[in-house]
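**Student:** fold the stuff below for me.
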Amino acid sequence: PTDLSLSQSINQSTMKYIAFLLAAAAVPTLSFTMPGPMRTVSPVSLTTRSPLFMTATAATNSESPNSTDSVLRDIEKQQLQLNKRRDSAIAKLNAAQTSLQALDLKKKDYLNGLQLKESPPGGNFSETTARSAVKALCWRIIAGSVTFITSYQFSKSMRTALTIVGSDFFSKAFTMFIGERLMNKSQAGRKGGADDVKRSLAKALVWRVFAIANTLTMAVFISKDLSMASKIAGSDAIFKTGLMFFYERAWANIRWGKEFEIEFSI
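**Tutor:** Alright, predicted model coming up:
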């Protein structure tokens, strides 16, 4: 009985020792003393980590700088985009403010008694210098071609025809340009933003009177034959009058070179 009791006591002590060891592994710091002659167990610290946990921690720490750089780049990219949007919005705002200021000035002028006067349909207009120059040169090319054909037909001489056309090409072009500038000073016959039919016909007739005199003079001077010069000038008069009328009608429908005018009254 004494041996059995001693054996049971040793087994119980062993079980208690194992239980205390397991508890010490789970508690951060634990110190205990086994009953009887057993030793004091040293404290256990939680700072002791498993190799697997330490490896995972090291991998995470090694990736932290790259992750931080990526985050910073994303933030800077967003800032750059927002700055661009802000600059665009500011530019639009400035443009809107400029338009508002212009409208405010117009409103003040109106309130101060400045009102638009009724204009004719299409508005009055004047022709620019460039338009008059182009009209004169284009007509001179067309009219010169006709003069060359009639001159060659009656003189049977290429040299005579070329001389007649070349002699008055620049003089007639310059004269027509001056005529266009003088006619431009009058608004008579201008309706709907264009020359009407009567104005075009009047311009064709006035120009033809001058052109007949010019062509007849040059033809007589070059050919030394009044009869032939009269035929050249006469054929030009009939054909070119109608041609210039349609030329003027075509230009009446061209808006290029027209400066429309708005009249004011206070």
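**Student:** what segments of the protein are helices?
**Tutor:** Using DSSP state H, the helices of the chain run over residues 2-26, 51-111, 129-155, 158-183, 197-223, 226-252.
**Student:** wait, what's in contact with residue 253?
**Tutor:** By Cβ atoms under 8 Å, 6 or more residues apart in numbering, the contact set of residue 253 is residue 194. Placement of C-beta: from N, CA and C, glycine included.
**Student:** now it: phi and psi?
**Tutor:** Per-residue torsions, residue 253: phi -90, psi 0 (degrees, to the nearest 10).
**Student:** Throw the helices of the chain into a markdown table and include distance to residue 258, mean neighbour count and mean pLDDT, thanks.
**Tutor:** Converted to a markdown table, the helices of the chain look like this (distance: least, Cβ to Cβ, whole Å; neighbours: other Cβ atoms under 10 Å; pLDDT from 0 to 100):
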| stretch | distance to residue 258 | mean neighbour count | mean pLDDT |
| --- | --- | --- | --- |
| helix 2-26 | 100 | 11 | 62 |
| helix 51-111 | 24 | 10 | 78 |
| helix 129-155 | 7 | 17 | 88 |
| helix 158-183 | 13 | 17 | 84 |
| helix 197-223 | 14 | 17 | 83 |
| helix 226-252 | 10 | 17 | 83 |
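**Student:** nearest to residue 189, of these?
**Tutor:** helix 197-223 (2.8 Å; Cβ to Cβ).
**Student:** that closest one versus helix 129-155: what angle between them?
**Tutor:** Computed by axes from the mean of the first three to the mean of the last three Cα atoms, to 10 degrees, the angle separating helix 197-223 from helix 129-155 equals 50 degrees.
**Student:** which other helices and strands contact helix 197-223?
**Tutor:** helix 129-155, helix 158-183, helix 226-252 (3 or more Cβ pairs under 8 Å, 6 or more residues apart in numbering; DSSP states H and E).
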